[in-house]
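Colleague: Structure, please.
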Amino acid sequence: MKVYEIFRSLQGEGVLIGTPTVFIRTVGCNLRCEWCDTEYAREGGQEMSVEQIMAKVDEYKTQFICLTGGEPLLQRDAIRLMNRLLEKCFHVTLETNGTISLEDVPCSESLLISMDVKCPSSGMEDRTMFSNIELLSPADQLKFIVSDKDDLRYAGDIIKKYEIKANIIFTPVGGMDLEPVARFVLSKKMNARVLPQLQRLIWGDTKGV
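Modeller: Prediction:
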């Protein structure tokens, strides 16, 4: 696998926000979102075997692991890595952009799928594989990163169109301007969470956090 970085921090997004977590960030993405905050991980990094990654993760003595990117499912060994982590009793979060089938992702109470639905401001809204939504469980999460009213309306339409069992998360682009998103969710009586990006709140626009 091509890995850009492995580091320990706090989970900054979603239902596990604030949880000490080891992040495995893979290299490469099949999207070019307008507001991408990890462009640096599109190239570079180093080749690591699954066993090398496991050895590095063990050094941190942390139960929670987040496989992120880029887009981790582009990596040939991503499924094998998740299976190995689950065998070792880690709790795994897979962060995916929702454009690649989730059919081969392990089914486990210790694995949380965090899937994005790309909204219009990303410029990538036509790439989402909506069939993935039915594969999400109540323990998983479906995330909408929203920039403006058009994104909010788009997200609202998706929520109405699909039967979503997963937790629904709204986060503003940049992670901080929560009020307009909160007003929208409350006005529409949505069963959704409005959350910041905790890493931005604590450390600002910094890599490796």
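Colleague: residue boundaries of the helices in the chain?
Modeller: Using DSSP state H, the helices of the chain run over residues 50-58, 78-87, 149-161, 179-187, 198-203.
Colleague: possible to save those helices as JSON lines with mean pLDDT, distance to residue 43 and mean neighbour count?
Modeller: From N, CA and C alone the C-beta is placed, and that goes for glycine too. Below are the helices of the chain laid out as JSON lines (pLDDT from 0 to 100; distance: least, Cβ to Cβ, whole Å; neighbours: other Cβ atoms under 10 Å):
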{"stretch": "helix 50-58", "mean pLDDT": "98", "distance to residue 43": "19", "mean neighbour count": "15"}
{"stretch": "helix 78-87", "mean pLDDT": "98", "distance to residue 43": "18", "mean neighbour count": "19"}
{"stretch": "helix 149-161", "mean pLDDT": "97", "distance to residue 43": "28", "mean neighbour count": "16"}
{"stretch": "helix 179-187", "mean pLDDT": "97", "distance to residue 43": "32", "mean neighbour count": "14"}
{"stretch": "helix 198-203", "mean pLDDT": "88", "distance to residue 43": "22", "mean neighbour count": "16"}
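Colleague: What's the local residue count around residue 168?
Modeller: Around residue 168 there are 19 other residues, counting by other Cβ atoms under 10 Å.
Colleague: and it, what does it touch?
Modeller: 141-142, 144, 159, 190-193 (Cβ atoms under 8 Å, 6 or more residues apart in numbering).
Colleague: Minimum distance to residue 4: which of the helices of the chain has it?
Modeller: If you check each of those against residue 4 by Cβ to Cβ, helix 50-58 wins as the nearest, at 12.1 Å.
Colleague: same for that closest one, what does it pack against?
Modeller: strand 2-10, strand 20-26, helix 78-87 (3 or more Cβ pairs under 8 Å, 6 or more residues apart in numbering; DSSP states H and E).
Colleague: circling back to that earlier point, would you mind listing the two of the contacts of residue 168 that lie farthest apart?
Modeller: The largest separation in those, counting by Cβ to Cβ, is between 141 and 190 at 14.3 Å.
Colleague: Of those two, which one has the most company?
Modeller: It is residue 141, of residue 141 and residue 190, that has more neighbours when counted by other Cβ under 10 Å, with 23 against 16.
Colleague: Which residues are in contact with the more buried one?
Modeller: When contacts are counted by Cβ under 8 Å, 6+ apart, residue 141 touches 14-15, 112-115, 166-169.
Colleague: which residue lies farthest from the center of this protein?
Modeller: Distance to the chain centre peaks in the chain at residue 187, reaching 26.1 Å (criterion: Cα atoms, centre = their mean).
Colleague: Show the pLDDT at the spatially most central residue of the chain.
Modeller: Geometric centre of the chain, nearest residue: residue 95, 3.0 Å, by Cα atoms, centre = their mean. At residue 95, the pLDDT value in this model is 98.
Colleague: isn't it right next to residue 65, touching?
Modeller: No. Applying Cβ atoms under 8 Å, one finds residue 95 not in contact with residue 65, separated by 11.1 Å.
Colleague: which residues do those two both contact?
Modeller: With contacts defined as Cβ under 8 Å, 6+ apart, no residue is shared by residue 95 and residue 65.
Colleague: surely residue 145 meets residue 169?
Modeller: No. In this structure, residue 145 is not within contact of residue 169 by Cβ under 8 Å, at 9.1 Å.
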